[in-house]
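Trainee: Dropping a prediction and its sequence here:
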Amino acid sequence: MAEMDYDKMVDRLYMGLPDKSKSGERFEMPTAESLVQGSKTIVKNYLQIVKQVNANERHLLKFITKETGTSAGVKEERLYLNRKMGSHQVQKIFEDYIKQFILCPECGKPDTKAVEKSGVKMLKCEACGALSAVKGL
């Protein structure tokens, strides 16, 4: 009888454990949905990514044009690049931007905002309080 109660308690305990298939992180790197159309590359979920990572849309667009060496524009919610690029190349550009301008270099959390101290633009982490100088901000 006591063994049956023990088995029920163990089962109940296991059911209460978090799902191991989830990473447990509240921030997940967004995936750029891109496609090539003629001589252009279109990122279908550009504005969704901007909102998800809490980025400055103009700054991200400037970063992308600099990294790709081509002109780009935003129409509706899509980003149009005037060059053919593979989806893995597009994803890498977004990941580089997020690592450089969104994630805190100290704690890795996305709770940063751009601030200026003594004429130097920096990232201030609202999670751990770290201040980090950032090139190109």
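Mentor: Perfect, thanks for sending it.

Trainee: who touches the residue nearest to the spatial centre of the chain in this structure?
Mentor: Geometric centre of the chain, nearest residue: residue 29, 4.2 Å, by Cα atoms, centre = their mean. Listed by Cβ atoms under 8 Å, 6 or more residues apart in numbering, the contact partners of residue 29 are 95, 98. Placement of C-beta: from N, CA and C, glycine included.

Trainee: do you know how far it is from residue 16?
Mentor: 29 Å (Cβ to Cβ, to the nearest Å).

Trainee: And the strands in the protein?
Mentor: 34-37, 40-43, 72-75, 78-81, 112-117, 120-125, 131-133 (DSSP state E).

Trainee: Which strands or helices does the last one pack on?
Mentor: Secondary structure elements in contact with strand 131-133, counted by 3 or more Cβ pairs under 8 Å, 6 or more residues apart in numbering; DSSP states H and E, are strand 120-125.

Trainee: Could I get the buried residue list for the strand it packs on?
Mentor: Buried residues in strand 120-125, counting neighbours by 16 or more other Cβ atoms under 10 Å, are found at 122-125.
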